[in-house]
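[1] here are the coordinates; sequence isn't available:
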């Protein structure tokens, strides 16, 4: 069995003035999955990636990447990286920019030329390969940067806000490309604040808050925590009271004759007693809908004080 792509036992970063950017971060990213690192601005997401890529020196970094110690050059040679707000030389064409990135990574000339063409096709820049980057929109530059991050045929790819500034069609193309890369066996480490985007592609996620991981796991498992069924019935409240098993049902804001009853399970069998009681009492079944916790809801719960409903203040997790 292959070792995980990323296995962090403890990563810390403290700046002068006792500013804690990262506090004992523990993460495990399996090979061949899309892993989403989520968190508000200033949570430490980009700092963590820069430490793993040796751009920033850590206070402490225990763990492995692609089976090697953090910072090992042989592991870094198998890594691709698209930084947030990256810059491509504006005087180069898209093809030249991708080939230049390949040259910096030690990719042979003929190989990087072939890969540059294929990757630019994949990111939707087929007709712009020989146009200068200076003529590109922000979204087009983002796509070209993604191609540059993949030119060394990496096993592990770090992407920091890859769909930032990209139009809806471009975002769909990038999502499809990420899924293709995963199906090829590559591992994608995705930094993003676009929760809807992450929810569509990530296999596992971690939420980073104030430099500390506060939640981590398979997205499907995390969404099960708030899984429920919503039973909606139409009821003439003037006639008689709701059946006993529906006494906690609440009237719909748009229609007072419709009541919503929450069933804390996705098992259809658990909903049957409420459905049977409603029918026996003469209520009309309007709908029965299964719902899982959205990633946005999980995120808000993780970064919000449950007592005040406000964002957790700095230092609350110390």
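    Received it, and whenever you're ready, just let me know what you need. A quick note: this is a predicted structure, and the numbers were derived from the prediction, not measured.
[2] report the distance from stretch 183-193 to the chain centre.
    From the chain centre to the centre of stretch 183-193 is a distance of 9 Å (Cα atoms, centre = their mean, to the nearest Å).
[3] residues making contact with it?
    5-6, 29-41, 45-46, 49, 84, 154-163, 178, 181-182, 198, 201-202 (Cβ atoms under 8 Å, 6 or more residues apart in numbering). (C-beta placed from N, C-alpha, C; glycine too.)
[4] please, a ChimeraX command that selects the buried ones among those?
    Listed next is the ChimeraX selection for buried residues among these, using 16 or more other Cβ atoms under 10 Å:
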select :5,6,29,30,31,32,33,34,35,36,37,38,39,40,45,46,49,154,155,156,157,158,159,160,161,162,163,178,181,182,198,201,202
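[5] out of the contacts of stretch 183-193, which are inside strands?
    Here DSSP state E is the test, and the contacts of stretch 183-193 give 6, 29, 34, 35, 36, 37, 38, 156, 157, 158, 159, 160 as lying in strands.
[6] which helix is the longest one in the protein?
    helix 168-183 (DSSP state H).
[7] next, the buried residues of that one.
    Quick answer for helix 168-183 (16+ other Cβ under 10 Å): 170, 171, 173, 174, 175, 177, 178, 181, 182.
[8] circling back to that earlier point, of all the ones in strands among the contacts of stretch 183-193, which two lie farthest apart?
    38 and 156 (18.6 Å; Cβ to Cβ).
[9] dump the ones in strands among the contacts of stretch 183-193 to TSV, plus pLDDT.
    Converted to TSV, the ones in strands among the contacts of stretch 183-193 look like this (pLDDT from 0 to 100):
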residue	pLDDT
6	94
29	94
34	96
35	96
36	94
37	93
38	90
156	96
157	95
158	95
159	93
160	89
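[10] okay, these in JSON lines with distance to residue 74 next?
    Formatted as JSON lines, the ones in strands among the contacts of stretch 183-193 follow (distance: Cβ to Cβ, whole Å):
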{"residue": "6", "distance to residue 74": "15"}
{"residue": "29", "distance to residue 74": "18"}
{"residue": "34", "distance to residue 74": "24"}
{"residue": "35", "distance to residue 74": "22"}
{"residue": "36", "distance to residue 74": "27"}
{"residue": "37", "distance to residue 74": "24"}
{"residue": "38", "distance to residue 74": "30"}
{"residue": "156", "distance to residue 74": "13"}
{"residue": "157", "distance to residue 74": "17"}
{"residue": "158", "distance to residue 74": "17"}
{"residue": "159", "distance to residue 74": "22"}
{"residue": "160", "distance to residue 74": "23"}
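[11] now, among those residues, which is nearest to residue 128?
    Using Cβ to Cβ, residue 159 comes nearest to residue 128 of these, at 20.8 Å.
[12] sheet partners, orientation included, of the lowest-mean-pLDDT helix or strand in the chain?
    One helix or strand of the chain scores below all others by mean pLDDT, DSSP states H and E: strand 250-251, with a mean of 70. Strand 250-251 sits in its sheet next to strand 258-263 (antiparallel), going by DSSP bridges.
[13] can you tell me what sits against the partner strand?
    228-235, 242, 246, 248-252, 270-271, 274, 286.
[14] taking the residues you listed one by one, which sit in strands?
    Judged by DSSP E, the contacts of strand 258-263 include 228, 229, 230, 231, 232, 233, 234, 250, 251, 286 as members of strands.
[15] give me the buried subset of those.
    Buried members of the ones in strands among the contacts of strand 258-263, counted by 16+ other Cβ under 10 Å: 229, 231, 232, 233, 286.
[16] pLDDT weak spots in the stretch 51-200 of the chain?
    Judged against pLDDT under 70, the stretch 51-200 of the chain has no low-scoring part.
[17] all strands for it, in order.
    60-65, 68-69, 79-82, 156-160, 187-192 (DSSP state E, counting those that start in this stretch).
[18] SS state for residue 43?
    coil (DSSP: H, G, I helix; E, B strand; the rest coil).
[19] OK, contacts around it?
    208, 209, 210, 211.
[20] from these, pick the one nearest residue 217.
    Distance to residue 217 across the contacts of residue 43 (Cβ to Cβ) is lowest for residue 208, with 13.8 Å.
[21] the closest one and residue 25 touch, don't they?
    Yes - using Cβ atoms under 8 Å, residue 208 is in contact with residue 25, at 7.3 Å.
[22] counting neighbours, what do you get for residue 139?
    Residue 139: 18 surrounding residues under other Cβ atoms under 10 Å.
[23] how near is it to residue 163?
    Distance, residue 139 to residue 163, using Cβ to Cβ, to the nearest Å: 9 Å.
[24] which residues are in contact with each of the two?
    With contacts taken as Cβ under 8 Å, 6+ apart, residue 139 and residue 163 have residue 170 as neighbours in common.
[25] now do the end-to-end distance for stretch 281-295.
    End-to-end distance for stretch 281-295, by Cα to Cα, to the nearest Å: 37 Å.
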